[in-house]
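**Q** Quick one, what's the 3D model for this:
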Amino acid sequence: MSILSATVEVDIKGNQSTAFEHIVPIDLASIFIGYGLLPAVTGAKNQTGAWDAAGQTRTILLSDGSSAQELLTKYEYPDYFSYTVSGFTGVLRFLTTSANGEWWFNGNASSGKTHVKWRYAFNARSIFAVPVLWFIVKMLWHGYMNKALALAKSQVEGNAT
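**A** Sure, this is the predicted structure:
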């Protein structure tokens, strides 16, 4: 099926290890605070491990009462991590079978900054879901990601001082 994705990037003041160590296990409720029609993350439960190795899982809880399952698929300290989200119980269950998130961290010692790139790709459930999913990704999800990444940046930079 079709894959629809959004990518956001930011430069964070701080070294690569610090950014990676903060963002990978971040409290999702502190950065996914909702955006337009998209619900906030209210928490996570049933997490296996410290979120620092491929194969660990957790259930993400959303403010609309829905949930999703998250699986950490790669953990390459301090450069990259990826995950798959599936088992959506809210409206997204009609539009997507799963979504894949990827984060890249590229530190620059001379500038004291780390470039962070985050890509999130939805796997459309059917060709009929593509137009609605396209609208969500382009009009809402990209903004949701930008807001979350800005909050993560603020946390990392606040912790680095």
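**Q** C-alpha only now, for contacts and for neighbours.
**A** OK.
**Q** Could you list the low-pLDDT ranges of the protein?
**A** 1-2, 160-161 (pLDDT under 70).
**Q** Can you give me the buried ones in the lengthiest helix in it?
**A** The helix that spans the most residues within the chain, counting by DSSP state H, is helix 142-160. Buried residues in helix 142-160, counting neighbours by 16 or more other Cα atoms under 10 Å, are found at 142-153, 155-157.
**Q** so where do the helices sit in this protein?
**A** Applying DSSP H to the chain gives helices spanning 16-23, 130-135, 142-160.
**Q** how about those in JSON lines, adding distance to residue 73?
**A** Formatted as JSON lines, the helices of the chain follow (distance: least, Cα to Cα, whole Å):
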{"stretch": "helix 16-23", "distance to residue 73": "16"}
{"stretch": "helix 130-135", "distance to residue 73": "24"}
{"stretch": "helix 142-160", "distance to residue 73": "20"}
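**Q** rewinding a little: which neighbouring elements make contact with the longest helix of the chain?
**A** strand 3-13, helix 16-23 (3 or more Cα pairs under 8 Å, 6 or more residues apart in numbering; DSSP states H and E).
**Q** All set now, cheers.
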